[in-house]
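**Student:** Sharing a sequence plus its predicted fold:
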Amino acid sequence: MMLTVYGIPNCDTVKKARVWLGDKGQDFAFHDFRKDGLNAEMVTRWLAQVPMDKLLNKRGTSWRKIPGADKANEDAAHLIALMVKTPTLVKRPVMEAGGQVTVGFTDEVMALWS
């Protein structure tokens with residue numbers, strides 16, 4: 001089962017995860033949201049494993065730049081479309097392998113992917 005790390009390369013948390021995986025000798029593929037894209041199918045697949053409030057980053061500068069009317073609309077399809085349009089709204093990294101999805105880079109995530 002191939003592990004895929006999704007994110008943007010200049011994100012500090014993504015950098016830490018990639019270095020950690022490399023140091024452990026873990027094979028993984030890196031999917032850059034900006035170069036490789038993000039689509040609704042991917043986001044929907046992740047949302048089957050993790051809740052919206054864990055995947056959608058409402059604390060970052062990307063969210064603050066979203067117009068108020070878009071922020072007020074809590075419809076899942078609308079929020080998925082926002083993440084596809086602005087991939088930096090996705091908390092990073094998203095790591096996926098064998099149907100398992102994690103978001104962020106915490107001790108629990110590290111234990112899972114060890």
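**Tutor:** That came through fine.
**Student:** Leaving out chain neighbours, which residue sits closest to Met42?
**Tutor:** Once flanking residues are discounted, Met42 sits nearest to Tyr6: 7.7 Å by CB to CB, 6 or more residues apart in numbering. All C-beta atoms are positioned from the backbone trio N, CA, C, and that covers glycine.
**Student:** Would you mark the buried spots in the strand or helix carrying that neighbour?
**Tutor:** Tyr6 belongs to strand 3-7 when elements are defined using DSSP states H and E. Judged by neighbour count (16 or more other CB atoms under 10 Å), strand 3-7 contains these buried residues: Leu3, Val5, Tyr6, Gly7.
**Student:** what's whichever helix in the chain runs longest packed up against?
**Tutor:** Looking only at the chain and at elements set by DSSP state H, the helix with the highest residue count is helix 12-23. When contacts are defined as 3 or more CB pairs under 8 Å, 6 or more residues apart in numbering; DSSP states H and E, helix 12-23 sits against strand 3-7, strand 28-32, helix 107-113.
**Student:** who touches the helix or strand harbouring Asp53?
**Tutor:** Under the assignment given by DSSP H and E, the secondary-structure element containing Asp53 is helix 52-55. Identification of contacts with helix 52-55 by CB atoms under 8 Å, 6 or more residues apart in numbering yields Val43, Trp46, Leu47, Ala76, Leu79, Met83, Val90, Lys91, Val94, Val103, Gly104.
**Student:** and of those, the nearest to Arg59?
**Tutor:** Among those, Lys91 lies closest to Arg59 (CB to CB), at 8.9 Å.
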